[in-house]
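Student: Any chance you can model this:
(2 chains)
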Amino acid sequence: MDLAVETVGLTKRYSQLTAVKGLNLEVRRNSVHGFLGPNGAGKTTTIKILVGLLRADEGVVRVLGREVRWDAPETRLKVGYMPELPRFPRHLKGRELLDIYGRMYGMSEQQRREEIPRLLEVVGLKGREGDLIGKYSKGMQQRLGIAQALLGDPELVILDEPSLGLDPVSMVEVRNLMKGMAKEGRTVFLSSHLLFEVEQVCSHVTVIHRGVALASDTLQNIRGMLMGGGVVEVELAEPCEAAAESLRSLPFVSRVEQSGRILTVELKTRDDVRAHISRAITGSGGVIVAMGWKGRTLEDVFLQLVSKPVEGGA
Amino acid sequence: MAGGGWAPRFWAVVRYELLWNIRKKKLIGVLVLALLLATLALVLPVVLSNVTGLELARNPNYVVDTGIGVGGLGMFLFAVAVAMNSISGEFEGGTAVTLLTKPVSRTTIFLGKLTAALITLGSAYALLLAYMAVGGTIVYGPQENLHLLPLSLLGATLSTLMWMSIVLAVGSISKSSLLAALGSFGVFMALAVGSPIISMASDQAWILSYLPGGGATGYLAGAGGGTPYTLGAAVSTGTDGIAANLVRYALNPSLNVTFFKVANRMQVVELYSEPLSAVLARSILVASAYSAVLLAAAWYTFRRAEVLD
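Tutor: Numbers count the residues shown, from 1 in each chain, chains lettered A, B, ... in the order given. I've put the predicted structure just below:
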């Protein structure tokens, strides 16, 4: 498997506190990988080790196939990183900062002249690039943080809470930006508290709690991690007992409840069988108005995972 | 898209730091203060001359004798203004997080910051020297030996580099700009006040020549002898005197420096003499050695520093 990020037994201690405990993490190339966990779970510590701001106490870290050792600039050449609430030198202008960072990535003058205005436009800072960063709002600094993370055409973009401090419109823009990065073939490693954000943009998710990875899989499989199968709720145009009976005969259905026009279908499987359910209902004369998963959001899985006691944890 | 060699990245750091330095209010403040003091030093004799009616004597060596004219304390203040938050400021302001995750090694960042500090310092001193040259010519008439001013610039920069190394080392270890300024000021004061007392009490004035600062005081002489009252200008043997001694040596390489001590009943006793070249070489070596050790400590600490916040 072609991995953009791989950690094996990653451990980081701060005197008495073990922030990350033997973390095994695999982030596939060209995926948008969500990194979820409550406050203090070890997300930022892990990311800081990946980008060389912290030293691992134990374990192996590989980024884009290279083993990360302390102060390895060649590893960072293809990595863009946006920290949580990024802070930049207040005395520099937005454009000056991107120009200097571009030089650090070895971009030529021509490349900088083309790339920087494009990035400023993408993050919505066009027209404000000549202002001192000290005059930028938090949201503008956040946007600048995203722009600098995309400099130098990175293969891997690590974003730590990119939507923090942004207004709802900007949050949508950032989400679209992340989707765009994925389309361009970049790997995006996204740490976020916002489960709906992760749900909307990520193809894979790792849930970390107290420094331990509780689950790591595709978003679909993570959603299906609740014990047993899923539950599908169907709204019919009018009550239809034949439809309920038809569903009960399906091999992957364990239970069907009817309450007026609403059918609640409990499944034995984690597979997406909504097409079979639809066919069974319409075949028995029922008219479907709406159908959707019930109780299988990422939030449900996340809450269930982090409420479990961690093995060997405090 | 990304690539390139070491040099573009190094100069990117220099540019980053220079843009910071030239917009630092502290540095601008110290430079303005130095220019004001230089103006005062130039104007005051003119005012006194007008008040007393005594004619101001022409002095064709005023500018080479005065140099940048800020003294040991002035050089220390320049060092603090340029370097106090060069490294620690990145950690305090949180900007280290983005800077240190760029594809530039920490050694390159350190060297770039140091180079920018030296360029800033050299430019400030060059401005001061130019100002003194123009002012000195206006007040004291045409000046001689102005071609030696680059030596003065070089010497003052080396002297200040030594103070800057202390500031950088304290800042890098403590990650606090305040501690960098206060800690190095404590070192400056201890050396300026404490070491002469200790060396005099122990009757070992030579110690001063191996410590940062003004050093011991000797007096210039050609061949022959005399007392402090009959010999030439006072010479500081310490690291702060490199600029003045470089110019003196260039003007007259055969000069000697004679050292005295005040014995019982206020009698002046000659201790020993040594060539100015030896005094100069020693002070350059001492400044270089302190700078090298302190910069190595600052670099090592910076290179290993984790960014926790």
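
Student: hey, let's count contacts and neighbours off CA atoms from now on
Tutor: Will do.

Student: Show me which residues of chain B sit near chain A.
Tutor: Contacts of chain B with chain A, taken as CA under 8 Å from any CA of the partner chain, map to B:1-5, B:8-10, B:12-13, B:15-16, B:19-20, B:23, B:93-95, B:97-98, B:100-106, B:303, B:306-308.

Student: Dihedrals phi and psi, the spatially most central residue of chain A?
Tutor: Centrality entry for chain A: nearest residue to the mean C-alpha point is residue A:34, 2.3 Å, by CA atoms, centre = their mean. With angles defined as degrees, to the nearest 10, residue A:34 sits at phi -80, psi 140.

Student: Got the confidence number for it?
Tutor: What the model reports for residue A:34 is a pLDDT of 96.

Student: what sits against it?
Tutor: Counting by CA atoms under 8 Å, 6 or more residues apart in numbering or on different chains, residue A:34 makes contact with A:189-192, A:198, A:202-206.

Student: any idea how far it lies from chain B?
Tutor: Remark: distance between residue A:34 and chain B (CA to the nearest CA, to the nearest Å) = 21 Å.

Student: same deal with residue A:284?
Tutor: Taking CA to the nearest CA as the measure, residue A:284 falls 60 Å from chain B.

Student: Neighbours of residue 267, how many?
Tutor: In the absence of a named chain, this looks at chain A. Counted by other CA atoms under 10 Å in any protein chain shown, the residues lying close to residue A:267 total 21.

Student: hmm, I had chain B in mind actually
Tutor: By the criterion of other CA under 10 Å, residue B:267 has 10 neighbours.

Student: Now do it, the pLDDT please.
Tutor: For residue B:267, the pLDDT comes out at 80.

Student: Now, the residues of chain B next to chain A that are in helices?
Tutor: B:8-10, B:12-13, B:15-16, B:19-20, B:97-98, B:106, B:303 (DSSP state H).

Student: In ChimeraX, select just the buried ones from those.
Tutor: Buried subset of these, written as a ChimeraX selection, criterion 16 or more other CA atoms under 10 Å in any protein chain shown:
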select /B:8,9,10,12,13,15,16,19,20,97,98,106,303
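
Student: Which members of the ones in helices among the residues of chain B next to chain A are the farthest-apart pair?
Tutor: The distance between the two most remote of these (CA to CA) is 22.8 Å, for B:19 and B:303.

Student: what about chain B, any weak spots by pLDDT?
Tutor: Along chain B, segments meeting pLDDT under 70 span B:1-3, B:222-231.

Student: ok, now how distant is the residue lying closest to residue A:140 once chain neighbours are set aside from residue B:233?
Tutor: Distances taken as CA to CA, 6 or more residues apart in numbering or on different chains put residue A:125 closest to residue A:140, at 7.2 Å, once the chain neighbours are dropped. In this view, residue A:125 and residue B:233 are 62 Å apart by CA to CA, to the nearest Å.

Student: Tell me which of the two has more neighbours.
Tutor: Neighbour comparison, residue A:125 and residue B:233: the larger count goes to residue A:125, with 19 against 13 (by other CA under 10 Å).

Student: quick one: the more buried one and residue A:151, what's the gap?
Tutor: Residue A:125 sits 15 Å away from residue A:151, going by CA to CA.

Student: Just give the number of residues close to residue B:65.
Tutor: By other CA under 10 Å, neighbour count at residue B:65 equals 18.

Student: before we move on, what SS does the residue nearest to it when sequence neighbours are not counted have?
Tutor: The shortest distance from residue B:65 to any non-neighbouring residue, by CA to CA, 6+ apart, is to residue B:244 (6.9 Å). Residue B:244 carries the three-state label helix when classified by DSSP: H, G, I helix; E, B strand; the rest coil.

Student: Contact partners for residue B:244?
Tutor: Contact analysis of residue B:244 by CA under 8 Å, 6+ apart lists B:65-67, B:152, B:155.

Student: that older thread, check contacts around the residue nearest to residue A:140.
Tutor: Contacts for residue A:125 (CA under 8 Å, 6+ apart) come out as A:140, A:143-144.

Student: Swap in 10 Å and give it another go.
Tutor: The contact partners of residue A:125, taken as CA atoms under 10 Å, 6 or more residues apart in numbering or on different chains, are A:94-95, A:117, A:119, A:140-141, A:143-144, A:147.

Student: now residue A:193
Tutor: Residue A:193 touches A:34-39, A:160-164, counting by CA under 10 Å, 6+ apart.

Student: Double-check that it belongs to a helix.
Tutor: No. Going by three-state DSSP, the assignment for residue A:193 is coil, not a helix.

Student: Phi and psi next, for it.
Tutor: phi -90, psi -20.
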